[in-house]
Each structure stands twice: as C-alpha cells, then as structure tokens.
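S.K.: Next comes the sequence, and after it the predicted model I'd like to discuss.
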Amino acid sequence: MAFFGGRRRRQQRDLVPLAALIGKELKSEKMAKPNVRYGCAAQSKKGEDFYLMKTDCQRLPGKPSSTFSVFGIFDGHNGKAAAIYSKEHLLSHVMAAVPRDLGREEWLQALPRALVSGFVKTDKEFQKRGETSGTTATFVIIDGWTITVASVGDSRCILDAQGREVTLLTVDHRLEENVEERDRVTASGGEVGRLSIVGGAEIGPLRCWPGGLCLSRSIGDMDVGEFIVPVPHVKQVKLSSAGGRLIIASDGVWDALPSAVTAKCCCGLPAELAVRQVVKEALRSRGLKDDTTCIVVDIIPLDHYAHPPPLPPPTPKRLSKLRSFLSGKLSLDSANKLSSDGIVEELFEEGSAMLAERLGNGSSSSEQTHGLFTCAICQMNLAPSEGISVHAGSIFSTSGKPWQGPFLCVGCRDKKDAMEGKRPSGVKVVY
Ligand SMILES: [Zn+2]
C-alpha cells in the first residue's frame, strides 16, 4: 500500500516586519538543512560485510544546495563478490533510474521507484558476471529531513526519533519469521523447509530450496531459485525538526540485541561513540559469531549538539495516538498532525515483490525526458516495437494492460517472469 502525506504550503502574509521575516527565513533554512553526523564500527568474522557512507552526493551536479547523503550495509554470503559489487554500483544504478532535472519534492517522490529499478539492475548486472555469492542490501538516502530506506535481506534499519519510540524502517526478509514471504516463495515454485540430517531430524532455520538460503530476497545468488528476488521493501519518512537517529546494522547486531535495547544502549552518545557502543554491546551479549557491522546516523538541527537535551516523557494521550497510527487505525490527516508534535511523518511504504505494482503506470521515467522508449529497469534504449509493457501477461496469462508503460526490454521482462514464477527458471522464452 502506498500513500503520500499531504504537503503543507507556507502561508504568505502581507506586511511582515523585516526581523520576523529574517527569523522565518533562518528557521526555514534550519528546517531545510539538518546536520548529519555519523559513525561506523565493525568486527569481522568472515570478511563478508561491506558498508557505504557518502555525504557529498548531489542531485544537481555542481550545486551544493542539492547535496544528499547515502549510507548502506551489504552483508554478503557464499563469498563477498556480490556485496562488493553492490557497494560499488547500487548508487549509480539507482540514480540512473531517476528522471533528470526534477525539483527536490518530485525527486523524493521518484526515489521509491528508482530504488526498485536500481536494485533489480544491480542484481541482473552482477549475475551477468557469472560469479556466485549473494548479499543483503540496506540502502538509506537522506535528503534534508526525509529518509528513504530500501532493503532486501535482514540488515535492519531502525529509527529512534528523539528517544520516543523506536520504529523499524525495514522488513526482515527471513523465511523463519516472514510468513508472507514464505507464501510468495512457495507460490513461485520454491520449496521451504529445514535441513535434514541423518535419521531424518530437521535442524536450523527455514530455508528455500533449491539453494538452501534462509533469506527470501537478496542481490546476486544466481545459483538459487529465481524466487529469491532483489525487489526491495521501500519506506520513506519525514522527521520533525527535532530530528532523529538511524541505526543500520547487519544481523551480527540484530541477532544479539533487540531494536529497543540497541537504541537505548547508545542513547545520549554522539554518533561516532554510539556506534562503537552498539557493536561492543552486541559482542558482549553473543560473542563474535558473525560479521557485525553498524552505522549510526544522527539527523539533527543545525544548532543542536549531538547530545540533545532530554525531552519530557511523552504524554499518555500522545502515545496512544502514536500506537493507533502505527497499527493503522489513525487516518493520514491525523497522522500528519502528529508530525508537528515531534513525531515522524510517514510518506511512503511498499514491499510487494511484483514489478508491475512497483514500477507503476504511465511512461517510464526516461521517456518523459528524452522522448525515447527505455527499459524501466536497465535504462537501455528500446525501439518502439521492442518494449514489452510491465503489465503485459506472460505466455501463461493474458491479463494486464499490455499497451501501457512502463516498458521493459526482453531480458528484463524475462527476469520479471522468472522472479514471479511465471516460467520455470532457466527456460528461454521466445517472443
Ligand atoms: Zn532492461
């Protein structure tokens, strides 16, 4: 389900005293650009965790006012090649899928779709290299007060909005806990079960077969079934001007510490020290059983220190409003009102694995800019007769809207059908 929060317009009044006007401008300037403070800490066991921290990306090249930040964690398995490839290429693949020359708000609204394209393209390009291995990917884009998180796998990202309530911004794509994903994998032709040992006893977590992976989504993994998809869960939220803290980490942290404990154990410390505290706490609790990598990012008002003064405890009324919102019982209008109270505003959330739902209707992004048909995933140019609508039915189905964009090239369409279980993996389809 996707929904967009109502956007407020600043009211203009006549005859505002100059000092008030300057004050207002300064205030809006503060609102426009928070301070981003961050730190990273890691303890390696297998050498398959990688991370990305980049705070100098620009939406409009050469314009410092369009700067945004990117943070990512890639927890590799069966080797490190997929994690390294994703760290090096995911950002550029996502950015290639965003239409050019957009204003900031439009750019933010285009991100969820571009993230889907970028993840799928990264997976496709990595698989072309013929290397085994796979990786989780948790990829965070911070532009002003707006945070967009896309993830596959189980490298969780949590948000601690000023010590009030810890929110999960990702979904764990683990077969053991995620019933929806279990159903999807089974419906797409995969089998879910535990390892059997001699004597028939079953051990360990639930896995997908063929392949035996515990995750249901990842980048890479060409030697497992194609129902292990790279389509990310995407969530976009906007912080209030009080700011908040993100904690992104590989499962080395989350298998050791619950989200709320993780947030609490580093509360009040600046990001660089907080992140070390989290890793230390994880190791103390479970020992070094797995690669353990963590990034802490504080998004704070410009005039704030990394140690904001403690806020008064939330009133029971506000807490119950927040709970209603989180459980979906509160309307969007009421939820938006909460943002002025220092509560996070939710702008977008979608986790479907179906590309037709994720890429939306209408022309693909690049068509609008260049007047050309391009594949919505790999951005390859297409002749008008070549594009296959993302809505067109597969050879087994005639449903959908085959005349409507966005369009995919034959290769990406082939991949889409395989991911959705519409053709047996590895069978060449002739168009
Ligand atoms: Zn393509």
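M.R.: In hand now; what should we look at?
S.K.: isn't L102 right up against A110?
M.R.: Yes: L102 is within contact range of A110, at 6.1 Å (criterion: Cβ atoms under 8 Å). In short, each C-beta sits where N, CA and C put it, glycine included.
S.K.: Might you list the low-confidence residue ranges for the stretch 201-350 of the chain?
M.R.: 304-343 (pLDDT under 70).
S.K.: would you list every one of the strands in it?
M.R.: With strands called from DSSP state E, counting those that start in this stretch, the stretch 201-350 of the chain shows them at 202-209, 219-220, 233-238, 244-249, 292-300, 345-350.
S.K.: okay, the angle between the third one and strand 244-249?
M.R.: Strand 233-238 and strand 244-249 meet at an angle of 160 degrees, taking axes from the mean of the first three to the mean of the last three Cα atoms, to 10 degrees as the criterion.
S.K.: repeat for the fifth one
M.R.: Relative orientation of strand 292-300 and strand 244-249, computed by the same axes, to 10 degrees: 170 degrees.
S.K.: Could you give the separation of strand 292-300 from the chain centroid?
M.R.: Centroid displacement of strand 292-300 relative to its chain, using Cα atoms, centre = their mean, to the nearest Å, is 15 Å.
S.K.: Strand partners (parallel or antiparallel) of that strand?
M.R.: strand 35-43 (antiparallel), strand 244-249 (antiparallel) (DSSP bridges).
S.K.: and if you look at the last one?
M.R.: Paired strands of strand 345-350, with direction, are strand 233-238 (antiparallel) (DSSP bridges).
S.K.: pull the CA atoms of the strand it pairs with into PDB?
M.R.: Taking C-alpha atoms only, strand 233-238 is exported to PDB below (Å, rounded to 0.1, in the frame of the first residue of the first chain):
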ATOM      1  CA  HIS A 233      11.000  -3.100   0.600                       C
ATOM      2  CA  VAL A 234      10.900   0.800   0.500                       C
ATOM      3  CA  LYS A 235       9.900   3.100   3.200                       C
ATOM      4  CA  GLN A 236      10.100   6.900   3.200                       C
ATOM      5  CA  VAL A 237       9.500   9.100   6.300                       C
ATOM      6  CA  LYS A 238      10.000  12.700   7.200                       C
END
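S.K.: contacts for that strand?
M.R.: With Cβ atoms under 8 Å, 6 or more residues apart in numbering as the contact definition, strand 233-238 has outside contacts at 5, 108, 111-112, 115-116, 145-152, 159, 167, 169-171, 173, 339, 344-351.
S.K.: And for stretch 201-209?
M.R.: The contact list for stretch 201-209 (Cβ under 8 Å, 6+ apart) reads 174-176, 182, 185, 190-197, 213-214, 216, 224-225, 227-228.
S.K.: thinking again about what came up before, so which of the strands paired with strand 292-300 is the most surrounded?
M.R.: Comparing the strands paired with strand 292-300 by mean neighbour count (mean count of other Cβ atoms under 10 Å), strand 244-249 ranks first with a mean of 26.
S.K.: residues contacting the spatially closest residue to P34 that is not a sequence neighbour?
M.R.: Among residues not flanking P34 along the chain, I299 sits closest, at 5.0 Å (Cβ to Cβ, 6 or more residues apart in numbering). For I299, the contact set (Cβ under 8 Å, 6+ apart) comprises P34, N35, V36, I142, W145, I147, L239, G243, G244, R245, L246.
S.K.: swap the cut-off to 7 Å and go again
M.R.: P34, V36, I142, W145, L239, G243, G244 (Cβ atoms under 7 Å, 6 or more residues apart in numbering).
S.K.: tell me which element the third one falls in.
M.R.: I142 is part of strand 137-143 when elements are defined by DSSP states H and E.
S.K.: relative to strand 292-300, how tilted is that strand?
M.R.: Using the same axes, to 10 degrees: strand 137-143 against strand 292-300 is 10 degrees.
S.K.: Following element in sequence after strand 137-143, please.
M.R.: Moving toward the C-terminus from strand 137-143, the next helix or strand (DSSP H and E) is strand 146-152.
S.K.: so what strands line up beside that following strand?
M.R.: strand 137-143 (antiparallel), strand 233-238 (antiparallel).
S.K.: will you turn the strands paired with strand 292-300 into a markdown table that also has distance to D75?
M.R.: Formatted as a markdown table, the strands paired with strand 292-300 follow (distance: least, Cβ to Cβ, whole Å):
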| stretch | distance to D75 |
| --- | --- |
| strand 35-43 | 11 |
| strand 244-249 | 9 |
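S.K.: Figure out which of the ones you listed is closest to the ion.
M.R.: With Cβ to the ion as the measure, strand 244-249 is the member of the strands paired with strand 292-300 nearest the ion (29.4 Å).
S.K.: Identify all contacting residues around that closest one.
M.R.: 71, 73, 138, 140, 147, 155-162, 262-263, 278, 293-299.
S.K.: neighbours around G189, how many?
M.R.: 16 (other Cβ atoms under 10 Å).
S.K.: List the contacts of it.
M.R.: With contact set as Cβ under 7 Å, 6+ apart, G189 has these partners: F227, G421.
S.K.: related to what we said a few turns ago, save the strands paired with strand 146-152 as a markdown table, and put in distance to the ion and mean neighbour count too.
M.R.: Formatted as a markdown table, those follow (distance: least, Cβ to the ion, whole Å; neighbours: other Cβ atoms under 10 Å):
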| stretch | distance to the ion | mean neighbour count |
| --- | --- | --- |
| strand 137-143 | 19 | 25 |
| strand 233-238 | 20 | 22 |
